[in-house]
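**Q** next one to model:
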Amino acid sequence: MRIVVHGQQAFGKSVLEALLERGEDVVAVYCAPDKEDRPIDPIKELALEKHILVYQPSSYSDDSVCDELSSLSPDLVVMAYVTLFVKEEFLNIPTYGTIQYHPSLLPLHRGPSSINWPIIQGSKKTGLSIFWPDNGLDTGPILLQKEVDIEECDTLGSLYFNRLFPLGVEAMLESVDLVRDGNAPKVVQDDSLATYESWCKKEDVEIDWSATMEEIYNLIRGANPQPGAWTTHEGGVFKIFDCVKTPDVTGNPGEVVSTGEEGLIVATRDGGICIQRVRPEGEGKMPVQEYISTHSVEVGSRMG
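**A** The predicted structure is shown next:
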């Protein structure tokens, strides 16, 4: 098949690389426009190295973009991390259409931060979907899905890079094979089960110390490394990354109850959080012991 890869960043590059390694006929790459003073996108860099045509439209609403794709006579477009809206006319141009990766078990967690939210909400499982995109937001029929466990210590970073990323590349290759063999399902999503969350932003991840220990723990790990759960200390924003639960702790919510070698322990409604890695405002990430040694952190003081 004549394949067009549409993607960006590390995941897009890895999908392109995997397709090329097994000898697929990749005739072009679409990726996001270049950004001033930013490094070249990894997928573009690989495409140029392999002498593959690269297209970078800023919008897919112009008919000329559809004409451009049509001129390539594609059999399949593979979308591997795309943030721009792509209209259905473009998606339907290839002989067999377009398939897309989404890191959740659709119709759950439609939207752009679909890895953060299951962790924040305390889910024990999530997964990925390869689906046939349409004009809706993550609403098209499902081609295949893979389920993964969310482990107790998983963060956004570990869940994505250790499981959803590599499994997603494998699922893309499996999906291409199903399309080629004429065995690719199109299972309509059950909209009655659908959930949607928008971007996980700074305003969504401020820590409420009066919440339960479990809720705060899930928030911190679901926002690690981005956007970074935060509270306030010494009048500035104080981001918290690595932490562990400490159930046998009592104190008023937000109260610093210990500053020992194990970390900085802050009380919650029903236990405590032992903070281990932080980023104070205007500084880089650091072990919490470094923060304790250079800032005023007294037992009995308050966070938030």
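**Q** so which bits of the longest helix anywhere in the chain are buried?
**A** If you go by DSSP state H, the chain has its longest helix at helix 165-180. Residues of helix 165-180 classed as buried by neighbour count (16 or more other C-beta atoms under 10 Å): 165, 167-169, 171-173, 175-176, 178-179. To be clear about C-beta, it is placed using only N, CA and C from the backbone, and glycine gets the same treatment.
**Q** show me where this structure has its helices.
**A** Here the chain has its helices, by DSSP H, at 9-21, 42-49, 63-70, 88-91, 116-120, 156-159, 165-180, 213-222, 288-294.
**Q** now render those helices as TSV, adding mean pLDDT.
**A** Formatted as TSV, these follow (pLDDT from 0 to 100):
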stretch	mean pLDDT
helix 9-21	98
helix 42-49	98
helix 63-70	96
helix 88-91	96
helix 116-120	98
helix 156-159	98
helix 165-180	98
helix 213-222	98
helix 288-294	92
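**Q** residue contacts, N183?
**A** Listed by C-beta atoms under 8 Å, 6 or more residues apart in numbering, the contact set of N183 is empty.
**Q** surely V176 is in contact with V77?
**A** No. If you go by C-beta atoms under 8 Å, V176 and V77 don't touch, sitting 11.0 Å apart.
**Q** mutual contacts of these two, please.
**A** Each of 3, 99 lies in contact with both V176 and V77 under the rule C-beta under 8 Å, 6+ apart.
**Q** and the residue most central in space within the chain, what does it touch?
**A** Closest to where the C-alpha atoms of the chain average out (C-alpha atoms, centre = their mean) is I115, at 5.0 Å. I115 is in contact with 103-104, 126, 156, 159-160, 164, counting by C-beta under 8 Å, 6+ apart.
**Q** phi, psi of L137?
**A** phi -90, psi 100 (degrees, to the nearest 10).
**Q** pLDDT weak spots in the stretch 51-200 of the chain?
**A** For the stretch 51-200 of the chain, no stretch has pLDDT under 70.
**Q** the strands in it, which residues?
**A** Using DSSP state E, counting those that start in this stretch, the strands assigned to the stretch 51-200 of the chain run over residues 53-55, 76-80, 98-102, 125-131, 142-149.
**Q** quick one, which of those strands is nearest to K13?
**A** K13 lies closest to strand 76-80 among those, at 8.6 Å (C-beta to C-beta).
**Q** partners of that closest one in the sheet?
**A** According to DSSP bridges, strand 76-80 has the following sheet partners: strand 2-7 (parallel), strand 98-102 (parallel).
**Q** and the angle from it to strand 125-131?
**A** With axes from the mean of the first three to the mean of the last three C-alpha atoms, to 10 degrees applied, the angle from strand 76-80 to strand 125-131 works out at 150 degrees.
**Q** let me know the angle separating strand 76-80 from helix 63-70.
**A** 110 degrees.
**Q** which residues sit against strand 76-80?
**A** Residues lying outside strand 76-80 but in contact with it, judged by C-beta under 8 Å, 6+ apart, are 1-7, 11-12, 14-16, 19, 30, 69, 86, 91, 93-101, 133, 168, 172, 176, 179.
**Q** rewinding a little: closest to V256 out of the contacts of I115?
**A** The shortest approach to V256 among these belongs to L156, at 25.9 Å (C-beta to C-beta).
**Q** how many other residues sit next to that closest one?
**A** For L156, the neighbour count with other C-beta atoms under 10 Å is 23.
**Q** close enough to count as contact, it and Q226?
**A** Yes. Counting by C-beta under 8 Å, Q226 is a contact partner of L156 at 6.8 Å.
**Q** quick one: residues contacting the nearest residue to G122 once chain neighbours are set aside.
**A** Once flanking residues are discounted, G122 sits nearest to N218: 5.0 Å by C-beta to C-beta, 6 or more residues apart in numbering. The contact partners of N218, by C-beta under 8 Å, 6+ apart, come to 119-122.
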